[in-house]
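For reference, the sequence and a predicted model appear below.
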Amino acid sequence: QVQVAESGGGLVQAGGSLKLSCAASGRTFTNLVMAWFRLAPGKNREFVAGISRSGDSTTYADSVKGRFTISRNTANNTAFLQMNSLTPEDTAVYYCAARWSSPMVSLNHYEYRYWGQGTQVTVSL
């Protein structure tokens, strides 16, 4: 069983930055593909970013490309999402997800078996 837990959400003004963390446990971290999704009121769950097991391949949604950076630190079994130039449209609950059944990042939420509780990110004008 894999446990993932997010932290780092909060309230920030437009143009500001936040860094989310996702701590994973229960399985060898290098066997896990890690990803971030978000859920905003009235919208469907949206893929934000994903990173391969080795960390050498990343994938981003067009809406965050150039502003967000996903990374991972094997030493402390943690994935990160650095979010810059935030806008009110980025306001959502952000979820960390993990999968071990494939080495590939998937944009589909149903391909991730393990999920955190979510962390709220609110961007004000």
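Nice, thanks for sending it over.

could you measure the nearest residue in space to residue 125 that is not next to it in sequence against residue 80, distance?
In this structure, residue 125 finds its nearest non-sequential neighbour in residue 14, 5.5 Å apart by CB to CB, 6 or more residues apart in numbering. The way it works is simple: take the backbone N, C-alpha and C, and place the C-beta from them, glycine included. Distance, residue 14 to residue 80, by CB to CB, to the nearest Å: 22 Å.

Those two: which is more packed in?
residue 80 (19 against 13; other CB atoms under 10 Å).

So what pairs up with the more buried one in the strands?
Beta-bridge partners for residue 80, by DSSP bridges, are residue 21, residue 71.

Just to check, it is in contact with residue 70?
Yes - using CB atoms under 8 Å, residue 80 is in contact with residue 70, at 6.9 Å.

what's the residue closest to the geometric middle of the chain?
Central residue of the chain (CA atoms, centre = their mean): residue 36, 2.2 Å from the mean position.

would you say residue 122 is within a helix?
No - counting by DSSP: H, G, I helix; E, B strand; the rest coil, residue 122 is not part of a helix but strand.

Contacts only, for the closest residue to it other than its chain neighbours.
Counting by CB to CB, 6+ apart, residue 122 lies nearest to residue 11, which is 4.7 Å off, once chain neighbours are set aside. By CB atoms under 8 Å, 6 or more residues apart in numbering, residue 11 lies in contact with 122, 123, 124.

For residue 87, see how far away the last one is.
Spelled out, it's residue 124. Residue 124 is 10 Å from residue 87, where distance means CB to CB.

residues shared between the contacts of those two?
Joint contacts of residue 124 and residue 87 (CB under 8 Å, 6+ apart) are residue 14.
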